[in-house]
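Trainee: what's the 3D shape of this:
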Amino acid sequence: MTFLRQLPVLTLLCVLISGVFSGAQAQQQVPLNIAIVNIDKILGTAAAPKGILAQIKQIRDTYRQEVQKEEEALRQANQELAQKQSLLSPEAFKEERRKFEQNVLAVQKKVQQKNLSLQNAKQEAQNQVQSALRDVVLEISKEKGYTLVLRRNQTVIVADPLDITDQVIAALDKKLPKVTVSPK
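Mentor: Residues are numbered from 1 along each chain as shown. Now for the predicted structure:
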């Protein structure tokens with residue numbers, strides 16, 4: 001009688017196990033066609049990422065020149081304030097000092113805002129590249145029938161025919177030749 005009570009449970013267990021094995025067999029029927037992509041090489045070689053770096057450098061240089069001019073103006077204002085100290089009453093000097101410190105804080109805030117704006121613009125540009133790169137890898141994978149694409153840094157040994165990095169670079173340069181970095 002105990003066996004009869006367990007029969008439905010055993011039958012259900014057998015059905016579930018056979019379903020798992022048949023599902024595993026169906027998954028094994030997908031051919032494994034592997035490709036490797038060197039993301040570091042792509043980001044260092046493709047036109048869009050290189051253009052982003054060049055634009056960032058140019059914008060930083062411009063910012064640096066602006067900051068140097070403002071720092072020089074603050075140094076001059078500080079020297080003038082030091083010279084006025086003996087001529088002004090303590091209250092008047094204190095007021096002038098407060099104005100100077102406000103100017104210093106305003107310049108610092110302006111520099112921080114510009115740096116943040118540049119970081120955000122750089123991130124937006126890099127996101128455009130990443131999105132286009134993902135699309136290109138998917139397109140090549142579909143075209144060539146790759147079922148698994150790995151990053152080069154996730155592998156130890158790679159046969160050269162598996163590496164599709166140069167194809168990805170060519171396709172990415174065609175799809176996204178330039179990205180404009182525009183800080184706000």
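
Trainee: outside of stretch 155-163, which residues touch it?
Mentor: 34, 35, 36, 37, 38, 152 (Cβ atoms under 8 Å, 6 or more residues apart in numbering). The C-beta positions use only the backbone N, C-alpha and C, and glycine is treated the same way.

Trainee: Which ChimeraX command selects the buried ones in those residues?
Mentor: Per 16 or more other Cβ atoms under 10 Å, the buried members of those correspond to this ChimeraX selection:
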select :35,36,37,38,152
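
Trainee: Tell me which two in the contacts of stretch 155-163 are the farthest apart.
Mentor: The span of the contacts of stretch 155-163, defined through Cβ to Cβ, is set by 34 and 38 at 14.2 Å.

Trainee: My reading is that residue 182 lies in a strand. Confirm?
Mentor: No. Counting by DSSP: H, G, I helix; E, B strand; the rest coil, residue 182 falls outside a strand, being coil.

Trainee: The closest residue to it other than its chain neighbours sits in which helix or strand?
Mentor: In this structure, residue 182 finds its nearest non-sequential neighbour in residue 121, 5.8 Å apart by Cβ to Cβ, 6 or more residues apart in numbering. Following DSSP states H and E, one finds residue 121 within helix 90-144.

Trainee: now swap in residue 172 and tell me
Mentor: With DSSP H and E as criterion, residue 172 is part of helix 165-175.

Trainee: Contacts for that helix next, please.
Mentor: Residues outside helix 165-175 that contact it (Cβ under 8 Å, 6+ apart) are 36-38, 41-42, 45-48, 129, 132-133, 135-137, 139-140, 152.

Trainee: Recalculate using a threshold of 7 Å.
Mentor: When contacts are defined by Cβ atoms under 7 Å, 6 or more residues apart in numbering, helix 165-175 is touched by residues 37-38, 41-42, 45-48, 132-133, 136-137, 139-140.

Trainee: Tell me which residues of that helix come out buried.
Mentor: Along helix 165-175, these residues count as buried under the neighbour rule (16+ other Cβ under 10 Å): 165, 167, 168, 169, 171, 172, 173.
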